[in-house]
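Participant: Could you work out the structure for the sequence below:
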Amino acid sequence: MPYRKAHPVAALAAFFLLCLWLIPLEAGEDFPEQRQLYARALDALAQGRGDEFHALKNRLRDYPLYPYLEYAEYRRHPERLDADRVRAFVTAYGDSPLAGRLLGQWLDRLRRQGNDDGFLAFYDPAIASVEQRCHFHLLNYRRGDQIGAVAEGLALWQVGKSQPAGCDPLFDRLIADGHVSEAVAWRRFVDAVLNHEYRLANYVTRFFTGDALRQRARTLLAVDQDPRVLADYPLFREHDGDTLAVIAHGISHLAQRDAPLALAHWKRYRAAHSFPPDAETRALSALVRQLHSQGNGLAADTLLREAIARVDPAVLDWRLQQAIRNGQWQSLSEWTALRPPALADNPRWRYWRARSLELSGQGDRHGDEIRGLYESLAKERTFHGFLAAERLGRPPAMAHRPVAIAEALVDDLAISPPFLRIAELRHHNDLPNARREWQFQLRDAPEDNWLAAARLAQRWEWHHQAITTMIQADYWDDVEIRFPLAFRAYFERNASDTGIPLHLLFAVSRQESSFEPTIVSPAGARGLMQLMPATARETARRHGIPYRGPADLDDPARNIQLGSRYYRQMLDRFGNNRILATAAYNAGPGRVDGWLRQSAGTLPFDAWIETIPFAETRNYVQNVLAFSLIFAHHLKNPATLLSDAERRRTL
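Facilitator: Take a look at the predicted model:
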């Protein structure tokens with residue numbers, strides 16, 4: 001072959017790559033150079049520039065995100081994986097969720113290849129998928145561990161839903177060898193019926209050999225599909241717990257069509273059988289709701305009084321709201337007096353016990369009880385606690401209790417390899433992986449680690465993660481971590497421009513996003529103040545604000561600018577009433593107009609809030625108002641929950 005002179009550009013590139021391989025890179029405190037090279041390496045891999053990628057990766061061996069480069073390479077080129085590389089990766093990076101992800105992919109590959117020895121050697125139940133678990137038990141079954149494999153395999157089969165197709169070989173073997181008994185199949189059949197998995201339920205009936213059991217299965221399936229068969233009482237002579245659960249399920253369905261008939265059937269079955277607690281709660285709760293909605297309020301209330309300790313507490317909340325919505329203060333006082341132990345300490349019920357006594361004209365007779373309830377509530381940092389404090393003429397109780405964690409523990413956490421990775425992932429805006437690492441590190445950690453991590457997130461100004469970590473740690477009283485003055489300059493500027501109190505803008509953003517700038521809701525709302533793109537576009541047009549599209553809403557400055565102006569529009573539309581404006585910000589002004597028409601100006605402000613039809617909006621309004629007081633406290637602003645005008649107005 002004749003000698004060909006290398007192209008000068010190609011020669012220069014080759015020399016550059018050689019230099020990259022040979023020159024080590026020393027890590028700096030903030031990894032400035034490594035960060036640039038990491039981004040370049042990922043780009044080179046994505047563009048198929050393999051030599052450049054490997055040269056850059058070689059220089060980044062001491063960079064915290066080096067394992068992410070290795071993982072990215074294996075994801076793009078799985079053919080380069082072999083047992084030794086997987087074993088080395090899992091050993092080296094077992095402190096990262098990447099190890100489990102790569103191992104799971106490797107197990108899938110071994111399963112597809114039929115490499116049983118390799119699969120068993122690498123199998124890890126901590127990361128195994130359902131299909132991998134099924135395959136593992138199938139292999140053990142074939143190799144003689146039948147007792148354990150049968151028990152585990154039946155546990156996977158005996159669920160009230162269809163399992164992945166990869167489990168079929170295990171299930172087929174268990175079935176062929178006679179391990180699926182009628183008792184096991186019956187359990188799965190009942191669960192399938194209760195989950196409305198009719199196709200699965202019909203499939204399972206093939207395991208019933210006797211005519212009596214097949215007929216029983218047909219009867220229970222008919223109860224779910226046409227609950228009118230409950231009228232044929234002799235069909236249900238056999239009544240184990242599973243059968244009774246399906247009967248209660250059928251009562252719930254029948255109540256939607258004909259609640260009085262369902263109640264009649266329920267009384268007869270209840271007199272003859274003792275139902276499992278969960279099944280009884282399901283039936284009673286459905287009966288109370290449906291009797292009310294079908295105009296049988298007296299029967300519903302009679303049933304509720306008889307079974308008040310056995311219904312779902314959500315039904316009691318619903319009944320309380322019904323009484324408030326209708327202004328039935330005497331009835332409300334009776335219901336709140338009957339509250340079961342599960343609701344004895346509930347702030348909503350305690351507050352409405354006191355308010356119902358006042359509104360029903362029983363204040364003089366029950367003055368001590370009313371004051372005692374308000375006194376206890378006023379010590380709590382809740383919406384109803386703040387309402388009680390204002391009724392007593394007292395400042396709100398913040399009950400602030402800072403996290404007692406040594407700074408040395410936070411410092412150690414910050415420089416540990418996992419949290420260095422998290423910090424670098426955040427720098428590269430790879431928040432999904434940053435959150436996975438965060439949860440992985442804390443999954444089995446003691447409380448002190450959770451609290452130290454929350455403090456670290458606060459130090460990093462990763463406010464959303466600090467807030468959610470405090471929630472997961474079940475620590476509610478460090479108000480400074482849970483309610484940070486995040487993005488303060490932006491909020492101050494827009495509070496000044498719009499005339500909205502600063503603490504109120506903070507409260508809206510805290511409720512909407514917990515101060516996560518790039519969060520996107522399932523409905524498509526984006527950013528700190530969770531604006532829908534269409535709302536943002538219209539608000540920008542109205543106020544002459546530049547807006548190029550949804551991506552602009554990830555910018556805190558633009559999001560707060562648009563969100564504060566939209567909230568200002570709601571305040572202007574509803575006469576500067578924060579209750580109505582806040583409800584409109586969440587649910588839309590049209591819905592608020594409709595709710596106002598329904599209440600027709602007959603309800604006190606607190607009653608109107610309590611009867612907002614959407615639970616999400618009701619909680620939203622209560623939280624924003626309560627949060628606004630907490631932020632006012634941070635800002636040393638002597639604000640009140642509501643103005644005199646807002647409290648006096650009936651809605």
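Participant: going forward, measure contacts and count neighbours with C-alpha atoms only.
Facilitator: Noted.
Participant: Give me the distance between the two termini of stretch 320-333.
Facilitator: 10 Å (C-alpha to C-alpha, to the nearest Å).
Participant: Run through the helices of the stretch 501-650 of the chain in chain order.
Facilitator: Along the stretch 501-650 of the chain, counting by DSSP state H, counting those that start in this stretch, helices occupy 502-513, 533-543, 556-573, 578-587, 589-599, 605-610, 615-634, 644-648.
Participant: and the angle from the fourth one to helix 556-573?
Facilitator: Regarding helix 578-587 and helix 556-573, their directions subtend 130 degrees when assessed with axes from the mean of the first three to the mean of the last three C-alpha atoms, to 10 degrees.
Participant: Could you name the helices and strands sitting against helix 578-587?
Facilitator: Counting contacts by 3 or more C-alpha pairs under 8 Å, 6 or more residues apart in numbering; DSSP states H and E, helix 578-587 packs against helix 556-573, helix 589-599, helix 615-634.
Participant: Also the second one?
Facilitator: Using 3+ C-alpha pairs under 8 Å, 6+ apart, the elements in contact with helix 533-543 are helix 556-573.
Participant: Okay, buried residues for the helix it packs on please.
Facilitator: 556-571 (16 or more other C-alpha atoms under 10 Å).
Participant: and what of stretch 443-451?
Facilitator: Buried residues in stretch 443-451, counted by 16+ other C-alpha under 10 Å: 448, 449, 450, 451.
Participant: related to what we said a few turns ago, relative to residue 649, which of the buried residues of helix 556-573 is nearest.
Facilitator: residue 571 (15.3 Å; C-alpha to C-alpha).
Participant: show me what contacts that closest one?
Facilitator: Counting by C-alpha atoms under 8 Å, 6 or more residues apart in numbering, residue 571 touches 577, 578, 580, 581.
Participant: I'd like to know how far it sits from residue 500.
Facilitator: 9 Å.
Participant: hmm, back to that, need the helices and strands packed on helix 578-587 in a markdown table with distance to residue 176, can you?
Facilitator: Formatted as a markdown table, those follow (distance: least, C-alpha to C-alpha, whole Å):
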| stretch | distance to residue 176 |
| --- | --- |
| helix 556-573 | 61 |
| helix 589-599 | 59 |
| helix 615-634 | 50 |
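Participant: closest to residue 136 among the buried residues of helix 556-573?
Facilitator: Set against residue 136, the nearest of the buried residues of helix 556-573 by C-alpha to C-alpha is residue 556 (48.9 Å).
Participant: Excluding residues flanking it in the chain, which one is nearest that closest one?
Facilitator: residue 517 (5.9 Å; C-alpha to C-alpha, 6 or more residues apart in numbering).
Participant: count of residues packed around the one you found?
Facilitator: Neighbour count for residue 517, taken as other C-alpha atoms under 10 Å: 23.
Participant: Show me the helices in the stretch 101-250 of the chain, by range?
Facilitator: For the stretch 101-250 of the chain, applying DSSP H, counting those that start in this stretch gives helices covering 116-122, 130-142, 146-157, 168-176, 182-194, 198-204, 211-225, 241-257.
Participant: Pick out the shakiest of those helices, pLDDT-wise.
Facilitator: Sorting the helices of the stretch 101-250 of the chain by mean pLDDT places helix 211-225 lowest, at a mean of 82.
Participant: Not counting that helix itself, show me its contacts.
Facilitator: 189, 193-194, 196, 198, 201, 205, 208, 229-230, 235, 243, 246-247, 249-250, 253.
Participant: if I look at residue 589, how far off is residue 511?
Facilitator: 19 Å.
Participant: Quick check, pLDDT for residue 5.
Facilitator: Value for residue 5, per-residue pLDDT: 33.
Participant: hmm, back to that, deepest of the helices of the stretch 501-650 of the chain, which one?
Facilitator: The highest average neighbour count among the helices of the stretch 501-650 of the chain, using mean count of other C-alpha atoms under 10 Å, belongs to helix 502-513 at a mean of 24.
Participant: Which other helices and strands does that helix contact?
Facilitator: Judged by 3+ C-alpha pairs under 8 Å, 6+ apart, helix 502-513 is in contact with helix 488-498, helix 615-634.
Participant: So for it, mean pLDDT?
Facilitator: Helix 502-513 comes out at a mean pLDDT of 97.
Participant: which outside residues touch it?
Facilitator: So helix 502-513 is in contact with 464, 483, 485, 491-492, 495, 515, 519, 527-530, 564, 620, 623-625, 627-629, 631-632, 635, going by C-alpha under 8 Å, 6+ apart.
Participant: thinking again about what came up before, looking at the buried residues of helix 556-573, which one is closest to residue 403?
Facilitator: Once C-alpha to C-alpha is applied, the member of the buried residues of helix 556-573 that ends up nearest residue 403 is residue 556, at 28.3 Å.
Participant: circling back: which among the buried residues of stretch 443-451 gets closest to residue 276?
Facilitator: Checking these one by one against residue 276 (C-alpha to C-alpha), the nearest turns out to be residue 450, at 38.3 Å.
Participant: ok, that closest one - contacts?
Facilitator: Residue 450 touches 442, 469, 470, 473, counting by C-alpha under 8 Å, 6+ apart.
Participant: Name the nearest residue to the third one, sequence neighbours excluded.
Facilitator: Spelled out, that is residue 470. Counting by C-alpha to C-alpha, 6+ apart, residue 454 is the residue found nearest to residue 470 once chain neighbours are left out, at 6.2 Å.
Participant: Mind putting the helices and strands packed on helix 502-513 into CSV with distance to residue 239 and mean pLDDT?
Facilitator: Output for the helices and strands packed on helix 502-513, formatted as CSV (distance: least, C-alpha to C-alpha, whole Å; pLDDT from 0 to 100):
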stretch, distance to residue 239, mean pLDDT
helix 488-498, 63, 97
helix 615-634, 38, 96
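Participant: Those helices: which one's closest to residue 162?
Facilitator: Closest among the helices and strands packed on helix 502-513, using C-alpha to C-alpha: helix 615-634, at 32.4 Å.
Participant: What are the structural domain limits within the protein?
Facilitator: Each domain of the chain is listed here as a residue range: 8-132, 133-176, 407-476, 490-648, per automatic domain parsing.
Participant: so which of the ones you listed comes closest to residue 397?
Facilitator: The closest of those to residue 397 is domain 490-648. By C-alpha to C-alpha, the value is 9.3 Å.
Participant: That closest one: end-to-end distance?
Facilitator: Distance between the two ends of domain 490-648: 33 Å, counting by C-alpha to C-alpha.
Participant: got it, and stretch 470-488?
Facilitator: Span of stretch 470-488 from end to end, C-alpha to C-alpha: 21 Å.
Participant: cool, stretch 544-558 as well?
Facilitator: Start-to-end, stretch 544-558 (C-alpha to C-alpha) is 12 Å.
Participant: What are the buried residues along that stretch?
Facilitator: Of the residues in stretch 544-558, those buried (16+ other C-alpha under 10 Å) are 547, 550, 552, 553, 554, 555, 556, 557, 558.
Participant: Among those residues, which one lies nearest to residue 585?
Facilitator: residue 553 (16.5 Å).
Participant: now the closest one, nearest residue through space, not along the chain?
Facilitator: Nearest to residue 553 is residue 559, by C-alpha to C-alpha, 6+ apart, at 4.9 Å.
Participant: my read: the one you found touches residue 525, true?
Facilitator: No - at 11.0 Å, residue 559 does not count as touching residue 525 under the criterion of C-alpha atoms under 8 Å.
Participant: Which neighbours do the two have in common?
Facilitator: Applying C-alpha under 8 Å, 6+ apart, one finds that residue 559 and residue 525 are jointly contacted by residue 531.
Participant: mind listing what residue 401 touches?
Facilitator: With contacts defined as C-alpha under 8 Å, 6+ apart, residue 401 is in contact with 477, 478, 479.
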